[in-house]
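Trainee: When you get a sec, could you give me coordinates for this:
(one chain, ligands or ions: 2)
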Amino acid sequence: MPDSVILRVDRLTKTYKSVPRCLTVLNEVSFEAREGEAIAIVGPSGSGKTTLLGLCAGLDTPTSGTVELGGTNLVRLTENARAALHNELVGFVFQTFKLIPTLTALENVMVPAELRRNRKARSRALALLEDVGLGDRGHHYPAQLTGGEQQRVGLARTFINRPGILFADEPTGNLDADTSETIEH
Ligand SMILES: Nc1ncnc2c1ncn2[C@@H]1O[C@H](COP(=O)(O)OP(=O)(O)O)[C@@H](O)[C@H]1O
Ligand SMILES: [Mg+2]
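Mentor: Ligands and ions are numbered 1, 2, ... in the order given. Predicted coordinates:
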């Protein structure tokens, strides 16, 4: 079933043009991911994991090589089209949670669904906050939550659009072992 490939990465190269010299973080990386498959990318700090995930999720553009996500070659898309595909297909759990500080936990979770004008955004967001054990914290702002609680709000937000592919950048690094296990299931 060749069409079950949801992500195809081909000879992906990323060079950061930093002064005084260029830094090639990814050098001709190729792999495929099929629907239903789970892949772990393991490597020391600074080895390019975040860079690779960002490129695969359409958040950044490579120096060379291609990323095909859900059958679409990202390299050929405009920035707006790439963002639209990202919102439709991708869930991304950031290493730094990237919550919006001026919105409550509940509002943060609702954002991706509201961008799609989903009228069930509020009730789905409430249910997802329950799922991550924060049903009673919806009115709190990010600054009023611990790192682990902010990470769980980020996870709830990730799932609101029922993503076809989920990227997680060290998603349980700020959680205790029990919570990590719950999240992974
Ligand atoms: N925007 C950038 N500009 C220049 N160098 C960067 C940039 N982002 C990351 N790097 C460098 O690229 C390397 C890989 O970083 P990263 O992908 O964050 O690795 P990891 O997630 O595995 O820790 C690091 O040496 C980092 O300093
Ligand atoms: Mg990283």
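Trainee: Is residue 12 in a helix, a strand, or coil?
Mentor: Under DSSP: H, G, I helix; E, B strand; the rest coil, the three-state class of residue 12 is strand.
Trainee: and the gap between it and residue 99?
Mentor: 29 Å (C-beta to C-beta, to the nearest Å). The C-beta positions use only the backbone N, C-alpha and C, and glycine is treated the same way.
Trainee: next one: residue 29
Mentor: 30 Å.
Trainee: For these two, work out which one has more neighbours and name it.
Mentor: residue 99 (23 against 20; other C-beta atoms under 10 Å).
Trainee: For the protein, give me the ranges with low pLDDT.
Mentor: The model of the chain has pLDDT under 70 over residues 1-3, 172-185.
Trainee: spatially speaking, which residue is in the middle of it?
Mentor: Central residue of the chain (C-alpha atoms, centre = their mean): residue 92, 0.9 Å from the mean position.
Trainee: Spell out whether the strand or helix carrying that residue and ligand 2 are in contact.
Mentor: If you go by DSSP states H and E, residue 92 is part of strand 90-93. No. Using C-beta under 5 Å from the ion, strand 90-93 stays clear of ligand 2, coming no nearer than 11.9 Å.
Trainee: What is the burial count for the closest residue to ligand 2 within the chain?
Mentor: Using C-beta to the ion, the single residue of the chain nearest to ligand 2 is residue 50, 3.2 Å away. A count of nearby residues for residue 50, using other C-beta under 10 Å, gives 19.
Trainee: Determine the number of other residues adjacent to the nearest residue to it once chain neighbours are set aside.
Mentor: Spatial nearest neighbour of residue 50, excluding adjacent residues (C-beta to C-beta, 6 or more residues apart in numbering): residue 169 at 5.5 Å. If you count neighbours by other C-beta under 10 Å, residue 169 ends up with 17.
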